[in-house]
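**Q** Compute the structure for the input listed below.
(2 chains)
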Amino acid sequence: DAGVIQSPRHEVTEMGQEVTLRCKPISGHNSLFWYRQTMMRGLELLIYFNNNVPIDDSGMPEDRFSAKMPNASFSTLKIQPSEPRDSAVYFCASRARGAHNTGELFFGEGSRLTVL
Amino acid sequence: TQLLEQSPQFLSIQEGENLTVYCNSSSVFSSLQWYRQEPGEGPVLLVTVVTGGEVKKLKRLTFQFGDARKDSSLHITAAQPGDTGLYLCAGPFSGNTGKLIFGQGTTLQVKP
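**A** Okay, here's the model as predicted:
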């Protein structure tokens, strides 16, 4: 079975450019999470969707970041304009319906973003 | 603010040694999870503990949830090079929101 699929795996861009990261969760999962991982700050939750609705976006750094989930099988995280401090690995994860607080998160392989 | 603090941050040991890593909080968690992450990959769930005092074993790995549900530990017996990786604890944010927060992680290196 296919796991969580993220694209691109690697992105190198210049400061000021728009970056769009994509995620396809596991079919049938109804919760989707976007995390950012850096050496300094570890794994930070950016935003969390349940049934395609954003539940908590308190971790989104600032207005330059936006996330959408137009349907149950697709989500995007957009950074516009990008800055060097946005360089990190961005992970998408999904969770099955029902296991609200104890369910396993299934992570994609991550999108490594480098902003020059 | 609910935080999960892990210690040590880094650990480098020889094959065959035992080790323990810790996950602590000042807040009570309804459950805690442990994940392992290898370079270039996303974290993968090892175990979920839900009851205070609970002990779970996964081969050479022993997980314990504190009686007060504010802390957890992971003990590895006779570590192998294949145990090398980043170990992360995670717990649900307060309230029944479904939001999951992670500790900073412990990087373990097991040398042959």
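
**Q** roughly how far is the helix or strand hosting residue B:75 from the heart of the chain?
**A** Here residue B:75 is covered by strand B:71-76, with elements defined by DSSP states H and E. Relative to the centre of its chain, strand B:71-76 is centred 6 Å away, using CA atoms, centre = their mean, to the nearest Å.

**Q** Now the helix or strand following it: average pLDDT?
**A** Proceeding C-terminally, strand B:71-76 gives way to strand B:85-92 as the next helix or strand, assigned by DSSP H and E. On average, the pLDDT along strand B:85-92 is 95.

**Q** With stretch A:108-116 instead?
**A** Per-residue pLDDT values across stretch A:108-116 average out to 97.

**Q** for stretch B:16-27, same thing?
**A** In this model, stretch B:16-27 carries a mean pLDDT of 96.

**Q** Stretch A:33-51 now?
**A** Mean pLDDT, stretch A:33-51: 94.

**Q** Tell me the buried residues in it?
**A** Along stretch A:33-51, these residues count as buried under the neighbour rule (16 or more other CB atoms under 10 Å in any protein chain shown): A:33-37, A:42-43, A:45-50. C-beta here means a position set from N, CA and C on the backbone, and glycine is covered the same way.

**Q** how about those in JSON lines, adding secondary structure?
**A** JSON lines is the format used below for these (DSSP: H, G, I helix; E, B strand; the rest coil):
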{"residue": "A:33", "secondary structure": "strand"}
{"residue": "A:34", "secondary structure": "strand"}
{"residue": "A:35", "secondary structure": "strand"}
{"residue": "A:36", "secondary structure": "strand"}
{"residue": "A:37", "secondary structure": "strand"}
{"residue": "A:42", "secondary structure": "strand"}
{"residue": "A:43", "secondary structure": "strand"}
{"residue": "A:45", "secondary structure": "strand"}
{"residue": "A:46", "secondary structure": "strand"}
{"residue": "A:47", "secondary structure": "strand"}
{"residue": "A:48", "secondary structure": "strand"}
{"residue": "A:49", "secondary structure": "strand"}
{"residue": "A:50", "secondary structure": "strand"}
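
**Q** near chain B too, which of those residues?
**A** When the buried residues of stretch A:33-51 are checked against chain B using CB under 8 Å from any CB of the partner chain, the ones in range are A:33, A:35, A:42, A:43, A:45, A:48, A:50.

**Q** which of these sit farthest apart?
**A** Using CB to CB, the two most remote members of these are A:42 and A:50, lying 23.5 Å apart.

**Q** is the residue nearest to residue A:11 when sequence neighbours are not counted in a bridge, and if so with what?
**A** Excluding its sequence neighbours, the residue lying closest to residue A:11 (CB to CB, 6 or more residues apart in numbering or on different chains) is residue A:113, at 5.0 Å. Partner residues in beta bridges with residue A:113: residue A:11, residue A:88, with DSSP bridges as the criterion.

**Q** who are the neighbours in contact with residue A:113?
**A** Shown in contact with residue A:113 (CB atoms under 8 Å, 6 or more residues apart in numbering or on different chains): A:11, A:13, A:19, A:21, A:79, A:82, A:86, A:87, A:88, A:89, A:90.
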